[in-house]
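**Student:** Give me the fold of what follows.
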Amino acid sequence: MLRINLLQHQFRSLHNVVRMNILTQDQARFRSEYIQSHLNYNLNIELLKGDSYIGNVLTQFTLKQTHPSLFVDYQGQEIQQIQLNGSVLDLGNCQGNKIFLPHENQKIHNTLQIQFKNKYSKSGHGLHSFMDGNDQYVYSQCEPHHASKMFPCFDQPNLKGRFSLKAIAPNQWRVISNENVIRHQKLNEEYQELQFDTTDPLSSYLYAILAGPYEQIMATQDQLHRGIPQSLYCRKSLFNYLQKDANHIFNLTTKSMDYFEKMFQVNYPFKKYDQIFCPEYSTGAMENVGAVTINDLYIFKEKVTKSAFAARDNTIVHELSHMWFGNLVTMDWWDDLWLNESFAEFIAHQCQADHGEDSWVQFFERKLWGYDTDEKITTHPIYAEVLDTDQAENIFDGITYAKGAALLKQIYYMQNQSEFSKSMGAYFTKFAYSNATLKDFFNSMSSQSQIDWNKFKNEWIMTSGFNTVSAQVLNGKIVFKIDGWFQRQHNIKIGILFDDRVEVHKLQISNNSEVEIPNIKENQSIILNYNDESYVKTSYTKEQLQKLLVNFNLVPGTLNKLVVLLAYFDQVNLGQICFREFFEFTHKYIQDVKSEVEMKIILQWMIIGLERLTPKRFQSEMQGKLANQLEKLYNQQNQDTFLLVRGHYVRLCRNQDRLKKLDIDQIGIKDGWQAVYNTFIYDKPNWELFRKLEKKDPDSKKHQRFLDSLQQRNQEQWNYFNNFNNEESVQMLSQAMRAFNHDHFDNSQYEDPYFDSLINVFSNKINQEYAKAYFSCLYPKGERFSHYNQRLEDILKNTQNQFLIKLCKEAIDSNNRRSRAFNTY
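**Tutor:** Numbers count the residues shown, from 1 in each chain. Here you go, the predicted model:
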């Protein structure tokens, strides 16, 4: 068997080195001052079956001048040899996740060759491996600082490089990367060699390698946009499911590609467009240049809700838009992450809206994520100070995505489509294949508009938090009050309810603004933020809200109903009213809801309220009442809401009588697994039910892991969670931890040991995904909020881990919110 040559000498193992797996902004800035972009990477990699792979990367880079502190990033397992400009370096230059390059060996034009060995990842980052029966699939996930978990590189966004890949892999495997294969040969009965074309300049976090027996579906010539090749890939076990939706995905991609070319005035900038559906994916999708990876939960094995189908469409369009926003033009550093994600979030919804989809109702749900993130103690401006790559991971949140997108929607309508399109064309043309900053973006916007972008930037991009608008009618005028630590001016619509009509006014308001409206009465009902066009919350007095709810049938459209109900639910979150009041109204109201998205969001609020904002002593009675209502709706089989209602009803089947009524053969795979879980938890184990679904679902392994863990709730299992050995994936471990810590069981004995363990768990820098899963999956389900807060405060005094600090602060925030809500009962 031909292998990449590995010299038989002492190697440097990095596995037990004290890890400092971050890159600071100062370090990145320093490197970019000395190293000229663009670099050249020649990567030779042997993708072996099993748990490890080997490689050799030759990097050519030019320095503006030499410096003794230059280093390359590597977070992998072993370094076998390092050569810089022909000189073999001492492996003592490997310190933590950095390989330092001796000053005396540096030149202006440099050739760096590093041989390495690495283990496949179990965390979803780096080069992750998944076993589907006897088939092994590997895929990369490199954002924000995980490319260096795969191979040594200068792992920062503004050091773009051209990547050339030669891969050796088993003959049964496909290998997929950012570019096309330009040469392929069979080496022997076991292995093949594939040479890929060299990429255009791209950031390391956008590089992709995938390998395994992936099945391919190629778009036909008439499905392509301007002949740009498109393919879909997935595991063999999911091929038949993906094949059913392939034409829809290709048509959506082609239609959106055409839309973006016209909107951005720049053609699709790469040679191909592959979409690969990956197992155990840690996020929704990743915009690798020409090789987008997507969570294979988006391969539907049965009929799904309209909102689930729309969410997949939005994800596909979102990732495609990144080929311009993020890939062609990339942010200089992670503080400008919003230049990637906010744009993709907004423009995907705008694209779908322009194609006739009701995407702004879907967008309302995304904005809820933005509001939720923005009201936490850990809120940050859209342009967030990011001192290192750990902080970068912490800002992939509702502010960077949803809030930023909401403000870009405002920018879009403050200009017009023509001006916006010209601005984008200028931006992409000027910064193509390079990097840009916040200043660069607003300079491009200013070239096509007279709007004071500096004022807009300072008010919206550089400050955190949202405003809450309220209004009162006094002497024929509406007087507006704006609350929030930073006062902003708002362009907002209001809808004044009359018996026979809604009168809509578009206003520009600030705190204490007064607007005269003819014929308005002091008790007139007003819908604030009509049609949800602004990023702002609304507030009503008790009397105003009750009048709106009494006349709720007069509130027009799904969006406006949801805007009013959000204000209602906010009063629960703030501890101003008891959740039971909100529950009683929505419990009755849902029987008349026809919109699936409206039903989905209302039921989400009801479930959150029941599980998070209601003391346990009241939960059973209220859950039963909701289950009765959902059972009625389920039996009515309303076509638009049937699947959604069924899913929530099955979730609330928590006694023998309800569980016995469920027919596992009729309720589908997803709801079937929920029924199996509930049977094991609330009744008794029934492995016959498991085996029925196991035959239908190629992903039954993760469900078996959950059910097995239910049977192993003991000290031995707890010890395993605290001494995780990386032998199973973090996703599988999470299944086990969720089962162990299910709120049906009394886990009070583990509460203090949990807090005792957190600092030690987060000291495991090799696998921070494990640490984050440990925190969220095993967090106590009890109601001793003051005690939990005290334990969390003690941890904050004794840790500097950015992930742990953020999670502790948010947990304290949540505990305080829950405590306020409980006090209303």
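**Student:** Now do the buried residues in stretch 804-824.
**Tutor:** Of the residues in stretch 804-824, those scored as buried under the neighbour-count criterion (16 or more other CB atoms under 10 Å) are 804-809, 811-812, 815, 817-818, 820-822, 824. The C-beta positions use only the backbone N, C-alpha and C, and glycine is treated the same way.
**Student:** Looking at the residues you listed, which one is closest to residue 500?
**Tutor:** Using CB to CB, residue 824 is the member of the buried residues of stretch 804-824 that sits closest to residue 500, with 37.6 Å.
**Student:** For that closest one, list the residues it contacts.
**Tutor:** With contact set as CB atoms under 8 Å, 6 or more residues apart in numbering, residue 824 has these partners: 572, 575, 576, 577, 578, 579.
**Student:** which element follows the helix or strand harbouring the first one toward the C-terminus?
**Tutor:** This points to residue 572. Assigned by DSSP states H and E, residue 572 falls within helix 558-573. Note on helix 558-573: by DSSP H and E, the next helix or strand toward the C-terminus is helix 579-589.
**Student:** Run the chain-centre distance for that following helix.
**Tutor:** 31 Å (CA atoms, centre = their mean, to the nearest Å).
**Student:** and the angle from whatever helix or strand comes next after that helix to helix 579-589?
**Tutor:** From helix 579-589 onward toward the C-terminus, using DSSP H and E, the following helix or strand is helix 596-612. Using axes from the mean of the first three to the mean of the last three CA atoms, to 10 degrees, one finds that helix 596-612 and helix 579-589 are set 150 degrees apart in direction.
**Student:** who does helix 596-612 touch, helix- and strand-wise?
**Tutor:** If contacts are counted by 3 or more CB pairs under 8 Å, 6 or more residues apart in numbering; DSSP states H and E, helix 596-612 sits against helix 306-321, helix 359-374, helix 558-573, helix 579-589, helix 616-636, helix 642-651, helix 802-822.
**Student:** got the buried residues for that helix?
**Tutor:** 596, 597, 598, 599, 600, 601, 602, 603, 605, 606, 609, 610.
**Student:** Distance check, the fourth one against residue 537.
**Tutor:** Just to be clear, that refers to residue 599. Between residue 599 and residue 537 the distance, using CB to CB, to the nearest Å, works out to 22 Å.
**Student:** cool, and the third one?
**Tutor:** Distance check for residue 598 against residue 537: by CB to CB, it reads 19 Å.
**Student:** List only those of the contacts of residue 824 flagged as buried.
**Tutor:** Using 16+ other CB under 10 Å, the buried members of the contacts of residue 824 are 572, 575, 577, 578, 579.
**Student:** Show me the shaky parts of this structure.
**Tutor:** Across the chain, the ranges flagged by pLDDT under 70 are 1-20, 448-449, 765-766.
**Student:** and the residue positioned nearest the centre of it, what element?
**Tutor:** Centrality entry for the chain: nearest residue to the mean C-alpha point is residue 283, 5.0 Å, by CA atoms, centre = their mean. Assigned by DSSP H and E, residue 283 falls within no helix or strand.
**Student:** Leaving out chain neighbours, which residue sits closest to it?
**Tutor:** In space, not counting the residues next to it along the chain, residue 283 is nearest to residue 295; the distance is 6.9 Å by CB to CB, 6 or more residues apart in numbering.
**Student:** tell me, how many neighbours does the one you found end up with?
**Tutor:** Burial measure for residue 295: 18 neighbouring residues, criterion other CB atoms under 10 Å.
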